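Student: dropping the sequence and predicted coords here.
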Amino acid sequence: MAARIERLVTSGTFSLDGGTWDVDNNVWIVGDDTEAIVIDAAHDAGAIAEALGDRTLRAIVCTHAHNDHIDAAPELAERTRAPVLLHSDDLPLWKQTHPDRMPDGDLSDGQVLTVAGIELTVLHTPGHAPGAVCLYAPDLTALFSGDTLFAGGPGATGRSYSHFPTIVESIRERLLTLPGDTVVHTGHGETTTVAAEAPHLQEWLDRGF
């Protein structure tokens with residue numbers, strides 16, 4: 001069966017800089033009936049494992065290391081024996097949540113992950129977090145953007161380890177150069193497209209998210 005994209009929404013909290021907020025996260029499962037990868041193991045390892053069923057989990061990919069995107073990763077890895085992958089620039093954030101458990105492997109710009117015959121290219125897109133990455137799967141006309149790009153604008157940059165000019169540059173140089181019909185599967189909320197977001201770049205600059 002052809003590869004497909006599935007979304008699971010999980011709920012929990014996001015904590016940073018002394019504050020805590022309730023959040024709903026998108027967990028993306030990419031694969032077929034035999035194997036899959038999980039993008040951002042958020043909040044509920046049991047629910048993610050149930051959604052996977054008896055498929056082999058090839059990797060748990062972290063788009064960045066804010067706690068709401070990685071809190072269930074170690075438990076899911078223990079359940080499935082899949083490696084947890086993270087860009088090394090986000091290790092300081094990772095250690096805030098999991099000080100006694102390191103990721104199993106690094107993500108690097110240009111790296112290609114393959115599952116169910118689909119290639120996903122890692123794009124390093126710092127700004128929301130130093131090691132933030134997106135995954136581009138042209139065969140699925142899909143971009144998994146984590147918290148770098150949402151419907152309506154870039155991810156937040158008002159907290160530690162974030163930088164607004166950097167995220168805008170990442171979006172301009174790495175994401176808006178992709179085909180306009182690319183569907184952007186975000187870390188929170190609904191999907192959008194590259195074409196829908198491209199006209200708003202100057203607006204983002206003027207508003208200074």
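Tutor: Looks like it came in fine. Numbers count the residues shown, from 1 in each chain.
Student: going by C-alpha atoms from here, please, whenever you check contacts or count neighbours.
Tutor: Will do.
Student: what segments of this structure are strands?
Tutor: 4-16, 19-31, 35-39, 56-61, 84-87, 105-107, 112-115, 118-124, 133-137, 142-146, 149-150, 153-154, 183-186, 192-193 (DSSP state E).
Student: quick one: closest of the ones you listed to Pro199.
Tutor: Across those, Pro199 has its closest neighbour in strand 153-154 (10.5 Å, Cα to Cα).
Student: would you mark the buried spots in the worst-scoring helix or strand of the chain on mean pLDDT?
Tutor: Taking mean pLDDT, DSSP states H and E as the measure, helix 201-207 is the helix or strand of the chain with the lowest mean score, a mean of 77. For helix 201-207, the buried set under the neighbour-count rule, 16 or more other Cα atoms under 10 Å, comprises Leu201.
Student: what does that helix rub up against?
Tutor: If you take Cα atoms under 8 Å, 6 or more residues apart in numbering as the criterion, helix 201-207 is touched by Gly153, Pro154, Val168, Arg172.
Student: quick one on the thing from earlier: pick out the shakiest of the strands of the chain, pLDDT-wise.
Tutor: Between those, the lowest average pLDDT goes to strand 153-154, which shows a mean of 94.
Student: ok now that one, how far from the chain's centre?
Tutor: 15 Å (Cα atoms, centre = their mean, to the nearest Å).
Student: re earlier: now the strands of the chain in a markdown table, with distance to Leu76?
Tutor: As requested, these are arranged in a markdown table below (distance: least, Cα to Cα, whole Å):
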| stretch | distance to Leu76 |
| --- | --- |
| strand 4-16 | 14 |
| strand 19-31 | 12 |
| strand 35-39 | 10 |
| strand 56-61 | 8 |
| strand 84-87 | 9 |
| strand 105-107 | 15 |
| strand 112-115 | 18 |
| strand 118-124 | 21 |
| strand 133-137 | 20 |
| strand 142-146 | 19 |
| strand 149-150 | 26 |
| strand 153-154 | 29 |
| strand 183-186 | 21 |
| strand 192-193 | 28 |
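Student: right, and those - which one's nearest Phe164?
Tutor: Distances from Phe164 to each of the strands of the chain were compared by Cα to Cα, and the smallest falls on strand 153-154, at 8.8 Å.
Student: and the closest one, what other elements does it pack with?
Tutor: Under the contact definition 3 or more Cα pairs under 8 Å, 6 or more residues apart in numbering; DSSP states H and E, strand 153-154 sits against no other helix or strand.
Student: outside of it, which residues touch it?
Tutor: By Cα under 8 Å, 6+ apart, the list of residues contacting strand 153-154 from outside reads Asp147, Thr148, Ile167, Val168, Ile171, Glu197, His200, Trp204, Phe209.
Student: I am finished for the moment; much appreciated.
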